[in-house]
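Trainee: My questions are about this predicted structure, shown below with the sequence.
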Amino acid sequence: QNELKEKNQRLKENKQRREEKLQRQDHNATVIQKSLNGAQQIYRELERNLSESQAKLKNATGEKEIMLRKKIHNLSKAISTNKENQQVLNRTLDSLTRERGRLR
């Protein structure tokens, strides 16, 4: 009977740990989703800024043209980095979702 009590206690503790882990993962998923939403918003802003700069470049000459070309280059790099970051966030979210499904 003592063994049964111990086994029951271990089961309760395991269930509690699993619940705590699920809660942490839910929290992490929420944080990651917010980060992803923010990254998507920044991406749209970068794209808009890039389009505006490309439109201005058509009429630019001299220093203005050089400045706009640098800006376009930097915006393109930022967009690329943002896309990579979104992919990492998406993979992390997918991984968390699979792990949560496994725990349930």
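Mentor: That came through fine.

Trainee: Can you give me the neighbour number for residue 61?
Mentor: 7 (other CB atoms under 10 Å). C-beta here means a position set from N, CA and C on the backbone, and glycine is covered the same way.

Trainee: In stretch 34-42, which residues are buried?
Mentor: 35-36, 39 (16 or more other CB atoms under 10 Å).

Trainee: and it, how far from the chain's centre?
Mentor: The chain centre lies 7 Å from the centre of stretch 34-42; the measure is CA atoms, centre = their mean, to the nearest Å.

Trainee: again with stretch 35-55
Mentor: Worked out by CA atoms, centre = their mean, stretch 35-55 lies 16 Å from the chain centre.

Trainee: coming back round to it: Serialize the buried residues of stretch 34-42 to CSV and add fields for distance to residue 27 and pLDDT.
Mentor: As requested, these are arranged in CSV below (distance: CB to CB, whole Å; pLDDT from 0 to 100):
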residue, distance to residue 27, pLDDT
35, 13, 96
36, 15, 96
39, 19, 97
